[in-house]
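>>> Predicted model, plus sequence, below.
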Amino acid sequence: AIDISSLRSQSGYITLDYGYKNTGATTSAITFLDGEEGILHYRGYPIEQLAEQSSFLEVAYLLIYGDLPTKDQLAHFEHEIKIHTLVNEDVRKIFDGFPVNAHPMGVISSLVCALTAFYPESTNPDRNQEMIELTIIRLLAKMPTLAAWAYKNSQGHPVNYPKNSLDYCSNFLYMMFALPVEEYEVDPVIVDAMNKLLILHADHEQNCSTSTVRIVGSSQASLYSAVSAGINALWGPLHGGANQAVIEMLEAIKNDGGDATKYLNKAKDKNDPFRLMGFGHRVYKNFDPRARIIKKSADQVLGKLGIKDPVLDIAKQLEEAALSDPYFVERKLYPNVDFYSGIIYRALGIPTEMFTVMFALGRLPGWIAQWKEMISNKEPIGRPRQVYVGSTKRDYVPLDKR
Ligand code: ACO
């Protein structure tokens, strides 16, 4: 039973909304999302147009500063990012402390937080605008370097230093895949697909990781700490970790004889904790517009690269079966962005454990933009209330009397 007095607060009664399904935490001018109609806009621009025509850094600028950049603004932004791609050599010593099989999400969240040690001025809550801008640029510039190094570390390979003659995505691919023993050419098809994937992941209003970034930032902790917390929130399989879980699920189905229906039935069984990874979304109840773009892109990328992936056939079977199954139709469970992103990442040669890191690279401008908005709105510290359902007052019993 709930004691009604525990619901009372200074400003009225407390609402109880597990998972904040219907509770707005803030006002925001960054991303518009209509879950019923499957609409997603960044700063008013439809996601379809941005994915088709812009670059990831152009979208990052749009999200963070509110408008599309002019040619000069974009050139300046790209230049600033390029000159900050190196990370302090001492960061490499931290890598040495991780076991080779450390998950790269754990590695990058630790290293992003460790940036506070290299830039302690970022932890000063009285930071000026110049310091805020520098922290934003440093994060955008150093995340790909840290992410690629986390991968190299997991392979036992020497790291590649950034090559600033390359654009943002090409530079990341170079740091990931170039080996000292052979030539490495960045494939434009891969760069194009990566740009698209990062754009599609760049922001998604008040999701779990973004809310985490805003709430950590609201205590005036540094942007590095807030983003590090966001990376951890993204890691879970119900959020960004779903892209890794999708491929693992599709591979398990393939290795188990390729019977998609068997797994569909498992997902419907309420006594079985198994869920169909890549299906369902808290907000999209008709379709996920990002999934539509990605599905088309998956076909194109695989076609262009001449890859025939049996896992894609299983994904298609699963999607078709789910779309005509009353359980999924009644609950409005459709493939989400992560259902197809893993298939493209695989085709691009990105290892499975790096999938969620790719999501983090894409979501970074969204986290930054949302943090910046929260700071400039002067929002109060995030501090949800609760409804107490524990014991009423009781007296302490000494240990020998219990
Ligand atoms: N497979 C089987 N059943 C599902 C699935 C699924 N993937 N998703 C939801 N359901 C069922 C639930 O069991 C529940 O059924 P019930 O009404 O009979 O109890 C109903 O659909 C509603 O599900 P909820 O968990 O209440 O929905 P919620 O909005 O809380 O969760 C979520 C959304 C977490 C995305 C969920 O659909 C899920 O777990 N999906 C799989 C993981 C996934 O793909 N995550 C990526 C999300 S997208 C992103 O982060 C970019």
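Everything's here; your move. What you are looking at is a predicted structure, and each value in this text was computed from that prediction instead of being measured. Numbers count the residues shown, from 1 in each chain.

>>> Just the element for whichever residue of the stretch 51-200 of the chain sits closest to the ligand, please.
Per C-beta to the nearest ligand atom, the residue of the stretch 51-200 of the chain with the smallest distance to the ligand is Leu200, at 9.8 Å. Just so you know, the C-beta spots here come from the backbone N, C-alpha and C atoms, and that holds for glycine as well. Using DSSP states H and E, the element containing Leu200 is helix 188-201.

>>> Run through the neighbouring helices and strands of that helix.
Packing partners of helix 188-201 (3 or more C-beta pairs under 8 Å, 6 or more residues apart in numbering; DSSP states H and E): helix 47-53, helix 56-65, helix 168-177, helix 289-305, helix 337-347, helix 355-376.

>>> sorry, back to before: neighbours around the residue of the stretch 51-200 of the chain closest to the ligand, how many?
Counted with other C-beta atoms under 10 Å, residues neighbouring Leu200 total 26.

>>> who's in contact with the closest residue to it other than its chain neighbours?
Leaving aside its chain neighbours, Leu200 sits nearest to Arg290 (4.5 Å; criterion: C-beta to C-beta, 6 or more residues apart in numbering). Counting by C-beta atoms under 8 Å, 6 or more residues apart in numbering, Arg290 makes contact with Leu40, Ile47, Leu200, His201, Asn336, Val337.

>>> Local confidence estimate at Arg290?
Note for Arg290: predicted pLDDT of 94.

>>> what do you get for Asp313?
pLDDT, read off for Asp313, is 86.

>>> Also Lys285?
pLDDT, read off for Lys285, is 86.

>>> Are we agreed that it is in a strand?
No. Counting by DSSP: H, G, I helix; E, B strand; the rest coil, Lys285 is not part of a strand but coil.

>>> Can you read off the backbone torsions of the residue lying closest to it once chain neighbours are set aside?
Closest residue in space to Lys285, ignoring its immediate chain neighbours: Lys332 at 4.1 Å, by C-beta to C-beta, 6+ apart. When read as degrees, to the nearest 10, the backbone of Lys332 gives phi 50, psi 50.

>>> pretty sure Ala25 is touching Arg383, no?
No. If you go by C-beta atoms under 8 Å, Ala25 and Arg383 don't touch, sitting 11.2 Å apart.

>>> what's the most distant pair in the contacts of Arg290?
Farthest pair in these (C-beta to C-beta) is Ile47 and Asn336. Separation: 13.8 Å.

>>> if we can go back for a sec, so Ala25 and Arg383 - more neighbours on which side?
Ala25 (17 against 8).

>>> Now do the SS call for the nearest residue to that one once chain neighbours are set aside.
Spatial nearest neighbour of Ala25, excluding adjacent residues (C-beta to C-beta, 6+ apart): Gln206 at 5.7 Å. Three-state call for Gln206 (three-state DSSP): coil.

>>> With the one 4 residues further on instead?
The assignment at Thr210 comes out as helix when based on three-state DSSP.

>>> all numbers from here: first residue = 885
Sounds good: first residue 885 from here, last item Thr1094.

>>> now it, nearest residue through space, not along the chain?
Gln1254 (5.1 Å).

>>> Spell out which parts of the stretch 885-1034 of the chain neighbour the ligand.
Selection of the stretch 885-1034 of the chain residues close to the ligand by C-beta under 6 Å from any ligand atom yields Gly903.

>>> Skipping adjacent residues, who's closest to the residue in the chain positioned nearest to the ligand in space?
Residue of the chain nearest the ligand, by C-beta to the nearest ligand atom: Gly1164 (2.3 Å). Spatial nearest neighbour of Gly1164, chain neighbours left out: Leu1217 (4.3 Å); criterion: C-beta to C-beta, 6+ apart.

>>> what about that neighbour, how many residues close to it?
Count around Leu1217 with other C-beta under 10 Å applied: 20.

>>> check contacts around it.
Leu1160, Phe1163, Gly1164, Ala1206, Tyr1211.

>>> Would you quantify the distance from the third one to Leu1082?
It stands for Gly1164. Using C-beta to C-beta, to the nearest Å, Gly1164 is found at 23 Å from Leu1082.

>>> Pick out whichever of these two has more residues nearby.
Leu1082 (25 against 21).

>>> Quick check: the more buried one touching Ala1244?
No. Here Leu1082 lies out of contact with Ala1244, judged by C-beta under 8 Å, at a distance of 10.3 Å.
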